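My questions are about this predicted structure, shown below with the sequence.
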Amino acid sequence: MPFQFEEITDIATRGLQHPNPLFDFLTTFVPRKLKTLFQYCEYLYYNSPQIFAALNKFAIYPVTNFTYETDNEGLRKNYTKLVEDILKLKNTLIRTGIDRHVYGNSFTSIYFPFHRFLQCPLCHKKRNIEYVDYKFKLKELKFQYQCPDCSAYVDGDVVDEKIQRAADIHIIRWDPKQIDIAYNPITGDSEYFYEIPAQLYENVRRGDTNLINTMPMSFLETIAQKKIFKFARDSIYHMKVDAPAGIDNSWGFPPLTSTIKQFFYVAVLRKANEAISMEHIVPFRILHPQQISANADPVITISLANWVNEVKMNIKQWRRDPLHLMFAPVAMEVTSLGGQGRALMVTGEIREAEENIITSMGIPREFLYGGLSATGSGVTLRMLENQLLNYTTELMDLAQWITNKAGKFLGWEPIKLKLQPFKLIDDVQQKGALLQANQMMGGQLLSSTAVASLFDQDLGEQRELRLQEQVDEFKFQHDVQQRITELEASLSDQARSQASQGAPPYDVGKVMAQAEQVAGQMMQSDPNTRQSQMHSLQMEDPVMYAVVVQRIEEAQTQQNAQVRAQMQGGGAPPGAPAQGGMV
């Protein structure tokens, strides 16, 4: 027989000498029904800073980029656009992860677009329902309108035609509070039912065309019959948190269940702090003449009414002028009532209870507040990583289910969709050891894909970038060679022109050699000096200036190409220190 909270109440009221320790005041607030438990978990998620932050981090952190396993590049691009731009599957996985952590259950299905037509039963002409002025009768489930073709008032027949348009595919997350499950413990199969919300029923009854025109007919039939909607097999994906065998296996077990009483306890402590703050934080101050001795009572010698008026007047003047001085015939004394609120506060108890909330969720405190390190928290990191890896497997199954359904609807071939492996920490030493071992084995230990994945890079994208760079480099070299040819031709023309005018001709070979020497000298100079020298050369000899500029650009291009080639080949760039042994 399942354990019931009512049993605790019965035991606590049997008049035993020692009351049941499991029954306390907060136990009376614990929910007894699963759907009520879901509501409590929602409240905890939005009202506990620790729970909100921890569950959001748990839901977001393991969701990495997608990888698509297919040799068809066109199909890869289609799925990439569908998954990342249209469905925004990463955001969907994060939101379903939050549902899983809050409710212990997540229900997901896919809406596939269609066009709804109304067909006249007399002339059999079809009209898009968006352009038909119809009257919807929910009880009879009829669409009454005047046919534009035969001008008859008819009850149109509904014809739904699917649209293979990826942009209109929508992922639906269902509220677990509206879901019912019929579970077969022998086969493990489940049938899922959806209880139509009252607001949705009312909107359809009032004739909301935005709902009626796009809602599947099976849904409208369920609303018309005031029944619960039954999902078709494999049309809804249920992701749940594992529960002990003694609990109903049709549902996942909400992880926040163990935090409810701790949250109530924190609420009681915060309420106590609020009461203390309202009454004891600001003290009540009393001003009165000070009695110096037993025989010198100022009440006997002065007028208390005049003394009170004088004190009030001087306090007002002091507030206007902080340097104001008050002269009094007798000393004054201040007596305070309250003001000891800080000593009465239960801040330490609240902090301890919040620590228990974090512990009950199975999350290290450092994961929430920061401070996890590879050296000081090795075992904790490994346990947390395994926990997140199991959760990531569930996310990949959901992503694959959505991708298969959407691809089948669009008529595409199925592909394997995965999330890139994530690491809780970036282990630089492990990466260095793998790269060094791969280098020692002549690059035979790791594949290029594995090396790229170490640094979260897509090998396909990097190859496309390298290909584009090589094409751009080839075009640039072609342009350089063309400019050199044009420059040499220009020098030859100038030499012939100057020879015809009686001026000493240019020797192209000497000009090129001298330009090579001048360019080498300028490359060794700092930028400011080089700029000054180039300006002087331009004024003195424009032809030599043009050749020198060309040679400097060629030298810089060759240096950049050498650096890229060495970095792509795994070597260090010029001037970088050589790799040493692993420490």
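Yep, it's here.

now the strands for the stretch 251-400 of the chain?
Assigned by DSSP state E, counting those that start in this stretch, the strands in the stretch 251-400 of the chain fall at 284-289, 332-337.

State the mean pLDDT of the last one.
Across strand 332-337, pLDDT averages out at 86.

for the first one, same thing?
Taken as a whole, strand 284-289 carries a mean pLDDT of 87.

and if you look at stretch 264-279?
So the average pLDDT for stretch 264-279 ends up being 89.

now do stretch 78-97
93.

C-alpha coordinates for that stretch, CSV please?
Taking Å, rounded to 0.1, in the frame of the first residue of the first chain, the C-alpha atoms of stretch 78-97 are listed here in CSV:
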residue,chain,number,x,y,z
ASN,A,78,18.7,22.0,-45.2
TYR,A,79,18.7,20.4,-41.7
THR,A,80,21.0,23.1,-40.3
LYS,A,81,18.6,25.8,-41.4
LEU,A,82,15.6,23.8,-40.1
VAL,A,83,17.1,23.0,-36.7
GLU,A,84,18.9,26.2,-35.9
ASP,A,85,17.1,28.9,-37.7
ILE,A,86,13.4,27.7,-38.0
LEU,A,87,12.8,25.4,-35.1
LYS,A,88,15.5,27.0,-32.9
LEU,A,89,16.0,23.6,-31.4
LYS,A,90,18.6,24.7,-28.8
ASN,A,91,16.1,27.0,-27.1
THR,A,92,13.5,24.2,-27.3
LEU,A,93,15.9,21.8,-25.5
ILE,A,94,16.6,24.4,-22.8
ARG,A,95,12.9,25.0,-22.2
THR,A,96,12.0,21.3,-22.1
GLY,A,97,14.9,20.8,-19.7
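
Tell me which residues are up against it.
58-60, 63, 66, 68, 70, 106, 108, 166-167, 169, 171, 173, 239, 391, 395, 398-399, 402-403, 406-407, 410, 412, 415, 417 (C-beta atoms under 8 Å, 6 or more residues apart in numbering). Every residue, glycine included, has its C-beta placed from N, CA and C.

which sections of the stretch 451-583 of the chain are below the confidence cut-off?
For the stretch 451-583 of the chain, applying pLDDT under 70 flags the ranges 453-456, 488, 491-510, 563-583.

Select the longest helix from the chain.
helix 459-500 (DSSP state H).

Work out the gap between that one and the centre of the chain.
With C-alpha atoms, centre = their mean, to the nearest Å as the basis, helix 459-500 stands 47 Å off its chain's centre.

what residues are up against residue 169?
Contacts of residue 169 by C-beta under 8 Å, 6+ apart are 82, 86, 87, 110, 111, 112, 113, 406, 409.

Pull the number of nearby residues for the last one.
As a burial measure, the neighbour count of residue 409 was computed by other C-beta atoms under 10 Å and equals 17.

right, and it touches residue 164 too?
Yes - in this structure residue 409 lies within contact range of residue 164 using C-beta atoms under 8 Å: 6.9 Å.

Need the overlap of contacts for these two.
In contact with both residue 409 and residue 164: no residue, using C-beta under 8 Å, 6+ apart.

coming back round to it: which of the contacts of stretch 78-97 count as buried?
For these, a burial check counting by 16 or more other C-beta atoms under 10 Å picks out 58-59, 63, 66, 68, 106, 108, 166, 169, 171, 239, 391, 395, 398-399, 402-403, 406-407, 412, 415, 417.
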